[in-house]
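Engineer: Can you look at this prediction? I've put the sequence above it.
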Amino acid sequence: MKYTKVFIDAIGYELGPNVVTSSELEKRILPTLDALHIPPGQLEALTGIRERRWWNPGFALPEGAARAARKAFEQTGLSASDLGALIYAGVCREHSEPATATAVADLLGVKPGAAVFDISNACLGVLNGMFDIANRIELGQIKAGLVVSCESSREINDSMIAAMLADRSFECFRLSLATLTGGSGAVAVLITDGSFGGGHKKHQLLGGVYRSACEHNKLCIWHGDKMSTDATAVLKYGVALGRETWADLQAELGMRADEFSKVICHQVGGAHKKSVLAALGIPEDKDFSTYEYLGNMGTVALPAAAAIADEREFLAAGDKVAFLGIGSGLNTIMMGVKW
């Protein structure tokens, strides 16, 4: 997919207010670590994550998404009345039905004629939503759309810590460890046809590609209050899939790898980042990471990292930026953005 008139006008984000360190989580599973003769400090050592954020207990997901959306509107001068579509794309949703997007639309005052619905695709949901909005804009159906998400890791962490204390086997520990990397936050990506004024920066969405390897759909499963992740296999097959998708992106956009001045990866952890960048031949200094202090915020992770990279002036006007997304399933999405 290539686009000629699609722009990211703003990315708003909101972080959970409670900082939770890796050492705090390890203290909660100390009986399991002792039973397995695993020394303290391994969670941070294995993942590179020293802390993450959690929402307060009972925090409403639509409220987090709405807060992020209001921040995006504040950056641009646009409002909910300008939207032709609103998509909620989080792994975490308020109910099975109706769509969580409807609660967000109600909080923001989205007009009745806008399309309002959810998309779900593991950690890639926001990127899928961005493609959906971009396609509508490129076809001339709408002028502006918003993709929002709010992820909460508190509940699944509490549940899996209880499971790890009940079953102190190494197999349970191995399949549960990735859950403890989760962080909490919300994001809103405002996408337009570039016709809105206001003097704010606009980032041109050049295009992107999908690729899947769905034979690996059982490597990471979250069902109810249980989550199981074969992190070693996800990394192995995810890196292989990412290498193919990176080649697809270059071919689709007619760009060489060295023409991308910066990259923003999905924020999983240190081993994932190092392995992906090495496989793609991308120098580590081209990447901006947030996993060290925010953990893996699922669908929120990549766009929030891009927003923070912009705030810290890692991303500069004119940079050709690659968004490198991967989600369980396995699925990948990669995008090119002119900053």
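Structural biologist: Perfect, thanks for sending it.

Engineer: per-residue confidence for the spatially most central residue of the chain?
Structural biologist: In the chain, the residue lying closest to the centroid (C-alpha atoms, centre = their mean) is residue 299, at 2.8 Å. Residue 299 carries a pLDDT value of 97.

Engineer: distance of it from residue 120?
Structural biologist: 9 Å (C-beta to C-beta, to the nearest Å). (Each C-beta comes from the backbone N, C-alpha and C, glycine too.)

Engineer: And for residue 74?
Structural biologist: Taking C-beta to C-beta, one finds residue 74 at 28 Å from residue 120.

Engineer: can you map out the strands along the stretch 151-300 of the chain?
Structural biologist: 185-192, 203-212, 220-223, 226-229, 262-265 (DSSP state E, counting those that start in this stretch).

Engineer: could I get these as JSON lines with mean neighbour count and mean pLDDT?
Structural biologist: Below are the strands of the stretch 151-300 of the chain laid out as JSON lines (neighbours: other C-beta atoms under 10 Å; pLDDT from 0 to 100):
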{"stretch": "strand 185-192", "mean neighbour count": "30", "mean pLDDT": "98"}
{"stretch": "strand 203-212", "mean neighbour count": "21", "mean pLDDT": "96"}
{"stretch": "strand 220-223", "mean neighbour count": "15", "mean pLDDT": "91"}
{"stretch": "strand 226-229", "mean neighbour count": "18", "mean pLDDT": "90"}
{"stretch": "strand 262-265", "mean neighbour count": "24", "mean pLDDT": "96"}
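
Engineer: Identify whichever of those strands lies nearest to residue 316.
Structural biologist: strand 262-265 (8.4 Å; C-beta to C-beta).

Engineer: Pull the residues that contact the closest one.
Structural biologist: With C-beta atoms under 8 Å, 6 or more residues apart in numbering as the test, strand 262-265 has contacts from 272-273, 276-277, 282, 286-289, 302, 305-306, 309, 314-315, 319-324, 339.

Engineer: list the contacts for residue 241?
Structural biologist: Residues counted as contacts of residue 241 (C-beta under 8 Å, 6+ apart) are 211, 212, 213, 326, 330, 332.

Engineer: Specify the beta-bridge partners of the fourth one.
Structural biologist: Yep, that's residue 326 we're talking about. residue 332 (DSSP bridges).

Engineer: So residue 137 is in contact with residue 194, correct?
Structural biologist: No - if you go by C-beta atoms under 8 Å, residue 137 and residue 194 don't touch, sitting 9.0 Å apart.

Engineer: Those two: which is more packed in?
Structural biologist: residue 137 (25 against 14; other C-beta atoms under 10 Å).

Engineer: who's in contact with residue 330?
Structural biologist: 212, 213, 214, 216, 217, 219, 234, 237, 238, 241.

Engineer: Include distance to residue 264 when you put those into TSV, please.
Structural biologist: Output for the contacts of residue 330, formatted as TSV (distance: C-beta to C-beta, whole Å):
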residue	distance to residue 264
212	21
213	22
214	25
216	24
217	26
219	24
234	20
237	22
238	16
241	18
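
Engineer: Before I go, just wanted to say thanks for your time.
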